[in-house]
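> Just the structure for this:
(chains A, B, C and D)
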There are 2 protein chains.
Amino acid sequence: MIPARHDLAAHGVESTADAHFVCHRHHHANVDCAQCKIRPLSICGALDDDELSELESLARSAHFAQRQAIFSQDEKVDAVFNVTDGAARLYRLLPDGRRQVVGFAIPGDFLGLALAEKSIYSVDALTPVNACRFNREAFSSFLDARPALLRRLYEMAGHELSLAQEQMVIIGRRTAEERVVCFLIGLRKRWARVNGNSVTVPLPMTRQDIADFLGLTIETVSRAISKLAREKLLVVVPDGVRLLEPARLEAIVDG
Amino acid sequence: MIPARHDLAAHGVESTADAHFVCHRHHHANVDCAQCKIRPLSICGALDDDELSELESLARSAHFAQRQAIFSQDEKVDAVFNVTDGAARLYRLLPDGRRQVVGFAIPGDFLGLALAEKSIYSVDALTPVNACRFNREAFSSFLDARPALLRRLYEMAGHELSLAQEQMVIIGRRTAEERVVCFLIGLRKRWARVNGNSVTVPLPMTRQDIADFLGLTIETVSRAISKLAREKLLVVVPDGVRLLEPARLEAIVDG
DNA sequence: CGTTGGGTTGATCGACCTCAATAAAAGTGG
DNA sequence: CCACTTTTATTGAGGTCGATCAACCCAACG
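Predicted coordinates for the structure are as follows:
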């Protein structure tokens, strides 16, 4: 049987790829890098003051409502984004509706890293998202004149690649429980750059999103989390989990 | 139960990471880019004549025997390679011996793309391998002075990333038979750049390697190939398969 | 207060894994 | 060149982890 097929409608989003052109309060506003809390986490951290102000002039602030599309699979990409607030999911759909989430974006993450003309996956907002928007071609040209930034992006691409390979190991060779634990530990580590390393891991995505990220079903994810809670390794809190024994969780994964 | 655990010994390689320092006939020989058949496929294709001769002077020809290690997981990387002949497997091991193959390298592929100090995976030769060897730090410096090459590598990294994400979809959301068909079609497409698009797909890797790439067991891979052969979609030939009906195979995958 | 979208839990089923036997290659040494 | 071993691949029988199907809970919300 075919695993994890579900209705395309179930993943429907409220808007199309270029929906970010609709007007919002903040749309087309310039950005203020000086105030930006996530600058050191993002590509902008690689720039000196002059470069930063140049890049700043290319950037426009953008906002996406929850569930709004940021990219759509197989469609043209005309802008790239640096996420400053909120979270998004990146996923690919098979023709019959099976879905694989290939990643989640949180503040500091760059969307459209490959600068490809067409997106090979869809991205939509899990929560309201604020981002810096760059015209793709303008950004690409800027890059050609700024080897330091290009180098930084190259390093980020290498990092993404290693995360993707790690995810292959998780999906290909780990048990359901291990997958869930890897996911929670990995996500906590990523949030740490934004939140400090709190033991509370925000989960802005649904169980279905987690399942589609881990190659599992929603029921299996739910059961795994329940089991971990029963074993007092974590507690489920609104919109997340609190890890009670990070060390024992780590042991499940690399023991 | 834990899937696909096997003895570490079963994957043992005959040599350590820096075994390429042992002498061979061609070791430390200069390379001759003018004679290189795979130049247009590789990073070198991005260079003009001046740049190429500069890069040529950094390159030394290297040879690896079958099963010899090229990189080792968690160990220092002091050189990167451009494969000119042969094939290699890239894989990660879990502490208990479970293995995930994250990719296969064929002529034209670059090993060490991320230029990381430590390798996150192991690489060893499936067949005798010839490659251009570059000192990692020297290559990295060369890169800083050659934005065009950096850009090319950045694009290659983006391509690798999209392959890795595609592989996530395959492992996470496809059935065993689909995985095997995706693998054969995808590999054929990659060989096409080297061999022309022959319907014969060379398989220098073992069934175990394929299984570890697809998140399956060797038995499941074997059964899937047998089934495809029984259905006259392919025939098994020494060291490979011949695809009899590529169109129907494609249909299994994107139907 | 009915509806709707998540989430949890239970019972059953099946795709793939495990275990086992055999076959076919590929080395190896005499 | 041929026994002998070792490695790799195939095939079968049976077991299991996670999928499927289904019921139910709960909070949000118009």
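
> Could I get the full set of strands for the stretch 151-255 of chain A?
A:200-202, A:234-237, A:240-243 (DSSP state E, counting those that start in this stretch).

> so residue A:239 touches residue A:206, yeah?
No: with contact defined as C-beta atoms under 8 Å, residue A:239 does not reach residue A:206; the gap is 10.6 Å. Every C-beta, even on glycine, is put in place using the N, C-alpha and C of the backbone.

> So for residue A:100, what's the nearest residue that isn't a sequence neighbour?
Counting by C-beta to C-beta, 6 or more residues apart in numbering or on different chains, residue A:100 lies nearest to residue B:169, which is 4.2 Å off, once chain neighbours are set aside.

> And for residue A:158?
residue B:114 (3.4 Å).

> Now do the contacts for that neighbour.
A:155, A:158, A:159, A:161, A:162, B:157 (C-beta atoms under 8 Å, 6 or more residues apart in numbering or on different chains).

> can you give me phi and psi for residue A:87?
phi -140, psi 150 (degrees, to the nearest 10).

> what about it, how many residues close to it?
For residue A:87, the neighbour count with other C-beta atoms under 10 Å in any protein chain shown is 21.

> Could you report the neighbour count for residue A:61?
By other C-beta under 10 Å, neighbour count at residue A:61 equals 17.

> Are we agreed that it is in a strand?
Yes: assessed by DSSP: H, G, I helix; E, B strand; the rest coil, residue A:61 belongs to a strand.

> buried ones in stretch A:44-58?
A:44, A:46, A:47, A:51, A:52, A:55, A:56 (16 or more other C-beta atoms under 10 Å in any protein chain shown).

> Equivalent analysis for stretch A:29-39, please.
By 16+ other C-beta under 10 Å, the buried positions in stretch A:29-39 come out as A:31, A:33, A:36, A:38, A:39.

> Out of these, which is nearest to DNA strand D?
Within these, distances to DNA strand D taken as C-beta to the nearest atom of the strand reach their minimum at residue A:38, with 27.1 Å.

> ok now do the closest one, which residues does it touch?
With the criterion set at C-beta under 8 Å, 6+ apart, residue A:38 makes contact with A:83, A:84, A:107, A:108, A:194.

> what do you get for residue A:66?
A:125, A:126, A:127, A:128 are the contacts of residue A:66 under C-beta under 8 Å, 6+ apart.

> That one and residue A:106, how far apart?
15 Å (C-beta to C-beta, to the nearest Å).

> what do you get for residue A:175?
According to C-beta to C-beta, residue A:175 stands 26 Å off from residue A:106.

> which of these two has more neighbours?
residue A:106 (23 against 14).

> What mean pLDDT does stretch A:189-200 get?
Average pLDDT, stretch A:189-200: 94.

> Check which residues of that stretch are buried.
Residues A:190, A:191, A:194, A:200 are the ones in stretch A:189-200 that count as buried (16+ other C-beta under 10 Å).

> show me what contacts the residue nearest to the last one when sequence neighbours are not counted?
For residue A:200, the nearest residue in space outside its immediate sequence neighbours is residue A:242; the separation is 4.7 Å by C-beta to C-beta, 6+ apart. In this structure, residue A:242 makes contact with A:199, A:200, A:201, A:234, A:235, judged by C-beta under 8 Å, 6+ apart.

> Could you work out the most separated pair of the residues you listed?
The two members of the contacts of residue A:242 with the most space between them (C-beta to C-beta) are A:201 and A:235, at 11.1 Å.

> contacting residues around the closest residue to residue A:216 other than its chain neighbours?
Spatial nearest neighbour of residue A:216, excluding adjacent residues (C-beta to C-beta, 6+ apart): residue A:176 at 5.6 Å. Residue A:176 is in contact with A:214, A:216, A:220, A:221, A:223, A:224, counting by C-beta under 8 Å, 6+ apart.
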